[in-house]
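Undergrad: predicted model and sequence below, questions to follow.
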Amino acid sequence: MKVLTLCALALSGMLLGCGSGSNGTTPGPDVPPKPSAKKSKIVTQGFEVRVYNRLAEQDTQNPEYNRDTPYQGTGEVTYQDIVFGLDTQTMSVTTASWLDIPHSFSLITKAYALSPVPPQTEENIVSIKITSATDFSQAYPSGSNLNALFSVTYADALNKYYTYKNETKTFFTVEEYVQYGQANGGLNAGFTRNLILNTGPDYPASMTFYIEIELDNGKTFSLETQEVVFKGVDN
């Protein structure tokens, strides 16, 4: 009699165990495991610099030096006529656990490339250096660091890189911009930037500029602008 009772209890337990998978409380042997959560991050792939004609501003007292049409390189221009557009090329990288890798042919998908709404990236810019192989002036011969001669007129939707001097908006030079980033937690690499010359060359010249950008992950990028034909300061 005791043997029959024990057998009945064992059979009942087995039936309950089999039924528990059907009501969703315990996964059955044929239920696939829940996939692990994936995370995405935006990383910097590179930079691109282009030269634009400066857009005529409506408010001459508060100029923003925005981009207009691409500069064609025909005819002389003053340093105030052009804008250097510095854009970031980014990529969305999806990370997953090792369990997901056999089911994924690629963990990297392209999400942004010169997007009109620049994303924040994983990296920050730690240094920018602008040079030219042509003499800019007596004070800035070939190969000189020209960061003090370029200003950052746009860097994100809420550009805060300027001060007021004699009630006139004065944009940070590239030199001041980099120093500000070093003192305030970095300059996100994903933002679009507009650069302008705040002074012109001493004499007429055809000039190409070279921009070197270093990120906080150790990567560096070297850019070259198209040739710009400048008038002299007295022309």
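TA: Yes, it's here.
Undergrad: worst-scoring helix or strand of this protein, pLDDT-wise?
TA: Ranking every helix and strand in the chain by mean pLDDT, DSSP states H and E puts strand 108-109 at the bottom, with a mean of 34.
Undergrad: now do the SS call for E176.
TA: Classification of E176 using DSSP: H, G, I helix; E, B strand; the rest coil returns helix.
Undergrad: okay, now it: neighbour count?
TA: Under the neighbour criterion other C-beta atoms under 10 Å, E176 is assigned a count of 18. For every residue, glycine as well, the C-beta is placed using N, CA and C.
Undergrad: nearest residue to it in space, please, no chain neighbours.
TA: Setting aside the residues directly before and after it, E176 is nearest to Y161 in space (C-beta to C-beta, 6 or more residues apart in numbering), at 7.7 Å.
Undergrad: so who does that neighbour touch?
TA: With contacts defined as C-beta atoms under 8 Å, 6 or more residues apart in numbering, the neighbours of Y161 are V152, A155, F171, F172, E176, Y177, Y180.
Undergrad: for those residues, give me a markdown table that also has secondary structure.
TA: Formatted as a markdown table, the entries for the contacts of Y161 read as follows, by three-state DSSP:
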| residue | secondary structure |
| --- | --- |
| V152 | strand |
| A155 | coil |
| F171 | strand |
| F172 | coil |
| E176 | helix |
| Y177 | helix |
| Y180 | helix |
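Undergrad: which PyMOL command selects the buried ones in those residues?
TA: The command below creates a PyMOL selection of those among the contacts of Y161 that count as buried (16 or more other C-beta atoms under 10 Å):
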select buried, resi 152+155+171+172+176+177
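Undergrad: now, which of the contacts of Y161 sits nearest G218?
TA: Distance to G218, by C-beta to C-beta, is smallest for Y177 among those, at 20.8 Å.
Undergrad: in this structure the closest one contacts F150, no?
TA: No: look at Y177 against F150 with C-beta atoms under 8 Å: they stay out of range, at 9.0 Å.
Undergrad: good, wrapping up.
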